[in-house]
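Asks: Sequence plus the predicted model coming up.
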Amino acid sequence: MPLSTLEMKRTGPVLKPDQSRVLLRPFNIGDARRAAGIVARIMALPEGQVAALVEEVCLEFCQRHRDLQKIFLERFREVRQLTALADKISHDRKLLIGSYFMAEYSLESAALFNPSIVADPDQRGLQPGELRFILSLRATGEGHISSITFRAGVIHAGQQIEVFAPTSFVTEPRQVPNARYEKALFGRKLLELGADGDFSRRVVSSLPDSFSLEDLRLILKEHKERANGGLSAQDLSAAKGIWLLAKSNHEVQFQPGKPLCERVIFPATPSQRNGMEDARFVRFQNDDGRFSYFATFTAFDGRIVMPELIEPSDFLLFRFITLNGPAARDKGLALFPRKINGRYAMLSRQENENICLMFSGNVHFWHECKILLKPQFPWELVQLGNCGSPIETDAGWLVLSHGVGPVRQYGIGAFLLDRDDPSKVIARLREPLLKPDPSEREGYVPNVVYTCGALLHDGTLIMPYGFADHATGFATIPLKDLLSAMSPV
């Protein structure tokens, strides 16, 4: 098909940010003395006034959040640890104290964009030819902090796309208190990070083969107490690094039965404090033929971007794991959906402008990369990167790419890799597959279309895409038309 006639069909719903979807999060005063003063003022209130205030707060916010009183009590217990409170406090006063240290956060007040789509692990109850999917989205709110949110939907006959309307509730997961760490893997990560000094080796040697965060806390405390005269500055720095690594590798759990659209993964570790950007989910086929899921995303702490990995188990339990090695850097890491010749394979964007390929025997460690493509065509001369995990076809690995051209306009292109040796680029589009149309130019960042992952269904490429870093649409194209428009390399 000539390039002049190649065009993706824009179809389906447009998902726009909804400021009414708010998350109830801890309100951190930041000053312990001020926090104690607030608690003292609440403690001075007469009990009758406390009960009336609790009733007023609950009536005002119970329609906006599930389990409101449970959240207030959990927050009270956290605040109590920071302040000197009497042992006997009424139930209502506990609720009231907790409420003063919570705040609503509108997680998608600015944007709902950069989507990734995968087949839902549950395909029961569908009509022939239908596919149920999970859509992840980057939600951006106050302070330009990005989190990961989800929608569910179905692709019906004729490639009709339905995204189920979300409820008005959103909820964060709970930290898994007994999450386990593997000693060998943890020690290797410390080595990769250059934190393998004498103190680190002593701590790791004291750990059992499998340990919890609490085990690590107690062992760190023990080593600090053993040090005559206290730890040196170097050892204190090592202890901090060990603890931060453990906190960055953690598990969170949503309550069973919680609708997918209500699950929000908000930044929870120091490496993520300023956002979790552009998650690329992939349905991964294991060696035994069974499927699991991974997601790569970019963690941002306000200064440094760091690629990290998520292992979502049934999309209720999420394991967060650091990626290590000199090749695990920059943005846009995207796993292939299966091993190739016995090794994991991944694409990345290196040096902010080239698409690279790397292989590893361990999904957590990446040491070498090879440049696949550099900017070549006018629409991508500023920057070239992938747009999600490769898609396996009979013709080869289909990879969607993004390019940046004049006036920082983003377009989405595509290229094809050899199935057996993906280091070989065998074909590519010379022109963008999708560019912003007039209705998509205006937004948080003008002139941008971008996706973090598409899928094939019934011979058609289904691609959700963010536009203007503001909202999300869908576009489709028959695979045969896309492949026929590619030029051999």
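Replies: Happy to help now that I have it. Since the model is a prediction, treat every value here as computed from it, not as a measurement.
Asks: got the contact list for Asp209?
Replies: Going by C-beta atoms under 8 Å, 6 or more residues apart in numbering, Asp209 touches 182-184. From N, CA and C alone the C-beta is placed, and that goes for glycine too.
Asks: Which ones among the residues you listed lie within helices?
Replies: Within the contacts of Asp209, residues falling in helices by DSSP state H are 183-184.
Asks: of the contacts of Asp209, closest to Ile321?
Replies: Taking C-beta to C-beta as the measure, Glu182 is the one of the contacts of Asp209 closest to Ile321, at 10.8 Å.
Asks: Enumerate every residue touching that closest one.
Replies: Neighbours of Glu182 in contact, by C-beta under 8 Å, 6+ apart: 209-210.
Asks: Same check on the one 4 residues further on?
Replies: By C-beta under 8 Å, 6+ apart, the contact set of Phe186 is 204, 207, 245-246, 249.
Asks: one more time with 7 Å, if that's ok
Replies: Val204 (C-beta atoms under 7 Å, 6 or more residues apart in numbering).
Asks: can I get the contacts of Asp209 in CSV with pLDDT and distance to Phe300?
Replies: Output for those, formatted as CSV (pLDDT from 0 to 100; distance: C-beta to C-beta, whole Å):
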residue, pLDDT, distance to Phe300
Glu182, 91, 27
Lys183, 93, 29
Ala184, 90, 29
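Asks: TSV for the contacts of Asp209, including distance to Phe164?
Replies: Shown next, in TSV, are the contacts of Asp209 (distance: C-beta to C-beta, whole Å):
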residue	distance to Phe164
Glu182	38
Lys183	43
Ala184	43
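Asks: Output the below-cut-off pLDDT ranges for the stretch 201-350 of the chain.
Replies: Within the stretch 201-350 of the chain, the stretches with pLDDT under 70 are 229.
Asks: now do 80
Replies: 227-230, 304 (pLDDT under 80).
Asks: And the strands in it, which stretches?
Replies: When secondary structure is read from DSSP state E, counting those that start in this stretch, the stretch 201-350 of the chain shows strands at 210-212, 250-253, 264-265, 276-285, 291-300, 305-313, 317-322, 334-335, 344-350.
Asks: ok, residues contacting the fourth one?
Replies: The reference is to strand 276-285. In contact with strand 276-285 (C-beta under 7 Å, 6+ apart) are residues 114, 116, 118-119, 136, 138, 146-148, 265, 267, 291-300, 334-335, 337-338, 388-389, 452-453.
Asks: ok, 6 Å please
Replies: 114, 116, 118-119, 136, 138, 146-148, 267, 291-298, 334-335, 337-338, 388-389, 452-453 (C-beta atoms under 6 Å, 6 or more residues apart in numbering).
Asks: Type out the PyMOL command that picks the buried ones from those.
Replies: Command for PyMOL that selects the buried part of these, burial taken from 16 or more other C-beta atoms under 10 Å:
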select buried, resi 114+116+118+119+136+138+146+147+148+267+293+294+295+296+297+298+334+335+337+338+388+389+452+453
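Asks: before we move on, the earlier item: just name the closest of the contacts of Asp209 to Glu311, please.
Replies: Distances from Glu311 to the contacts of Asp209, taken by C-beta to C-beta, are shortest for Glu182, at 13.5 Å.
Asks: for that closest one, which residues make a bridge with it?
Replies: Ser210 (DSSP bridges).
Asks: And this protein, what are its domain boundaries?
Replies: Listed by automatic domain parsing, the domain ranges of the chain are 3-18+108-173+260-488, 23-106, 176-248.
Asks: still on that earlier bit, tabulate the strands of the stretch 201-350 of the chain (TSV), appending distance to Leu96.
Replies: What follows is the strands of the stretch 201-350 of the chain, written out as TSV (distance: least, C-beta to C-beta, whole Å):
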stretch	distance to Leu96
strand 210-212	34
strand 250-253	28
strand 264-265	26
strand 276-285	33
strand 291-300	36
strand 305-313	37
strand 317-322	33
strand 334-335	48
strand 344-350	50
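Asks: Deepest in the core, which of those is it.
Replies: Counting by mean count of other C-beta atoms under 10 Å, strand 334-335 has the highest mean neighbour count of the strands of the stretch 201-350 of the chain, with a mean of 26.
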